[in-house]
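Visitor: would you be able to build a 3D model of this:
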Amino acid sequence: MYSQITANKRKSVVLMMIFIAIIIGLGYVFSYAQGDTTYAGVWFAIIFSLFSTSISYFSGDKIALWTSGAKPVKREENLYLYRMIENLCIAQGVKTIPKIYVMEDAAINAFATGRNPAHASIAVTRGALEKLENEELEGVLAHELSHITNYDIRFMMLVAVLVGSISILANIFLRSRFMFGGRRDSNSGGGQLGAIFMIIGIILAILSPIIAELIKLAISRRREYLADASGALLTRYPEGLAKALEKIAQENMPLKTASDATAHLFISNPFGGKKLHTLFSSHPPVAERVKRLREMGV
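Guide: Numbers count the residues shown, from 1 in each chain. Below is the predicted model:
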């Protein structure tokens with residue numbers, strides 16, 4: 001389990017480095033193609049992305065809970081759920097118990113949100129509470145608590161900044177080229193070389209947002225594997241989460257309030273088995289997750 005956690009963290013760092021390299025490369029190519037030696041457009045895009053993402057960082061959890069239809073639950077309303085989360089927090093050494101929410105949905109699912117363990121929430125569907133056995137629900141909650149203690153939400157916010165920066169850079173370049181024309185002339189960078197950079201810039205502007213989104217999906221999937229490993233380590237019973245994931249896959253029921261903006265937060269694809277959403281899912285295949293969990297239990 002420790003090897004699985006270490007491997008996923010290392011691979012996630014590598015993917016982050018790729019993101020940074022793409023932004024630097026795009027900034028240089030776009031600026032060179034336009035003859036912008038001040039790189040003003042690049043800095044504007046990055047600052048704008050940081051500003052918009054900071055808003056999501058501090059209020060994104062409230063937005064996610066609201067859009068998912070999650071309602072806060074008091075301790076006396078569901079003592080069973082509260083005690084299970086409290087026990088997991090004690091085992092994990094978490095001092096602040098996450099706020100607990102329930103989504104009135106028959107599908108089996110759950111998600112965690114918040115920028116750190118001191119400001120975190122866990123939301124569970126009614127379907128998960130009613131259909132999962134004790135060990136299965138414990139495995140799901142341990143997975144979500146691992147997302148909190150591993151700081152996955154904070155990590156994904158950093159990725160969102162980078163993806164947003166790439167998309168904005170691409171839009172700025174395309175709009176400036178096709179609406180206003182380039183500023184590069186024959187004296188500013190040498191004729192054919194400038195034209196080549198302009199063509200490269202246009203191609204990158206079209207493809208880079210797609211590539212960035214694919215990298216984001218890859219990082220999301222790595223974080224799911226990491227949370228599976230961490231959750232199994234916490235409960236010392238990987239089979240519980242494995243059985244819960246199998247139940248989710250067999251039921252294949254989408255959430256009523258599922259949205260692309262919050263899909264990556266859930267323990268499993270909230271759109272069910274819709275082919276288009278499965279193709280671009282931020283979650284790895286359930287069969288592979290179950291296989292890895294059962295290998296950990298050997």
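
Visitor: from here on, just use CA atoms for contacts and neighbour counts.
Guide: Will do.

Visitor: residue 146 reaches residue 233, doesn't it?
Guide: No - using Cα atoms under 8 Å, residue 146 makes no contact with residue 233, being 9.7 Å away.

Visitor: higher neighbour count, these two?
Guide: residue 146 (28 against 20; other Cα atoms under 10 Å).

Visitor: now that one: phi and psi?
Guide: Backbone torsions of residue 146, given as degrees, to the nearest 10, read phi -70, psi -40.

Visitor: could you do residue 113 as well?
Guide: Phi and psi for residue 113, reported as degrees, to the nearest 10, are phi -150, psi 160.

Visitor: ok, now residue 99?
Guide: Main-chain dihedrals, residue 99, degrees, to the nearest 10: phi -70, psi 140.

Visitor: ok, now the one 5 residues further on?
Guide: For residue 104, the backbone dihedrals (degrees, to the nearest 10) come out as phi -80, psi 80.

Visitor: next, find the distance separating it from residue 110.
Guide: 11 Å (Cα to Cα, to the nearest Å).

Visitor: how about residue 152?
Guide: Using Cα to Cα, residue 152 is found at 15 Å from residue 110.

Visitor: with residue 99 instead?
Guide: In terms of Cα to Cα, residue 99 sits 13 Å off from residue 110.

Visitor: more neighbours: those two, which one.
Guide: Taking neighbours as other Cα under 10 Å, residue 99 and residue 110 compare with residue 110 leading, 25 against 19.

Visitor: distance check, the nearest residue to that one once chain neighbours are set aside against residue 112.
Guide: Closest residue in space to residue 110, ignoring its immediate chain neighbours: residue 124 at 4.3 Å, by Cα to Cα, 6 or more residues apart in numbering. With distances taken as Cα to Cα, residue 124 is found 9 Å from residue 112.

Visitor: from the contact counts, what lies against the longest helix seen in the chain?
Guide: In the chain, assigned by DSSP state H, the helix with the most residues is helix 191-235. Judged by 3 or more Cα pairs under 8 Å, 6 or more residues apart in numbering; DSSP states H and E, the packing partners of helix 191-235 are helix 2-34, helix 79-92, helix 134-149, helix 152-175, helix 238-251, helix 286-296.

Visitor: the longest one - what's its average pLDDT?
Guide: The reference is to helix 2-34. In this model, helix 2-34 has a mean pLDDT of 70.

Visitor: now do the last one
Guide: Per-residue pLDDT values over helix 286-296 give a mean of 92.

Visitor: swap in the third one?
Guide: Average pLDDT, helix 134-149: 95.

Visitor: by how many degrees do it and helix 79-92 diverge?
Guide: If you take axes from the mean of the first three to the mean of the last three Cα atoms, to 10 degrees, helix 134-149 sits at 50 degrees to helix 79-92.

Visitor: what's helix 134-149 in contact with?
Guide: Outside helix 134-149, the residues that touch it by Cα atoms under 8 Å, 6 or more residues apart in numbering are 84-85, 88-89, 94, 110-114, 116-117, 120, 122, 128-129, 153, 223, 227-228, 230-232, 234-235, 237-244, 267.

Visitor: list the buried residues of it.
Guide: 135-149 (16 or more other Cα atoms under 10 Å).

Visitor: specify the angle between it and helix 152-175 in degrees.
Guide: Orientation of helix 134-149 against helix 152-175 (the same axes, to 10 degrees) gives an angle of 60 degrees.

Visitor: and for the second one?
Guide: Relative orientation of helix 79-92 and helix 152-175, computed by the same axes, to 10 degrees: 90 degrees.

Visitor: helix 79-92 - contacts with which helices or strands?
Guide: Against helix 79-92 (3+ Cα pairs under 8 Å, 6+ apart) you get helix 134-149, helix 191-235.

Visitor: looking at those, which is closest to residue 255?
Guide: helix 134-149 (16.6 Å; Cα to Cα).

Visitor: by how many degrees do that closest one and helix 238-251 diverge?
Guide: Going by the same axes, to 10 degrees, helix 134-149 is angled at 100 degrees with respect to helix 238-251.

Visitor: and helix 134-149, how far from the chain's centre?
Guide: Mean-position distance between helix 134-149 and its chain equals 17 Å (Cα atoms, centre = their mean, to the nearest Å).

Visitor: restrict it to CA atoms and write it as PDB.
Guide: Extracted C-alpha coordinates of helix 134-149, given in PDB (Å, rounded to 0.1, in the frame of the first residue of the first chain):
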ATOM      1  CA  ASN A 134     -21.000  -1.500   7.100                       C
ATOM      2  CA  GLU A 135     -17.600  -2.500   5.800                       C
ATOM      3  CA  GLU A 136     -18.400  -1.200   2.300                       C
ATOM      4  CA  LEU A 137     -19.600   2.200   3.600                       C
ATOM      5  CA  GLU A 138     -16.600   2.400   5.800                       C
ATOM      6  CA  GLY A 139     -14.400   1.800   2.800                       C
ATOM      7  CA  VAL A 140     -16.100   4.600   0.800                       C
ATOM      8  CA  LEU A 141     -15.800   7.100   3.700                       C
ATOM      9  CA  ALA A 142     -12.100   6.200   4.200                       C
ATOM     10  CA  HIS A 143     -11.500   6.900   0.500                       C
ATOM     11  CA  GLU A 144     -13.100  10.300   0.800                       C
ATOM     12  CA  LEU A 145     -11.300  11.100   4.100                       C
ATOM     13  CA  SER A 146      -8.100  10.200   2.300                       C
ATOM     14  CA  HIS A 147      -8.800  12.800  -0.400                       C
ATOM     15  CA  ILE A 148      -8.900  15.300   2.400                       C
ATOM     16  CA  THR A 149      -5.800  14.200   4.300                       C
END
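
Visitor: if anything else comes up later, I'll come back, but that's it for now.
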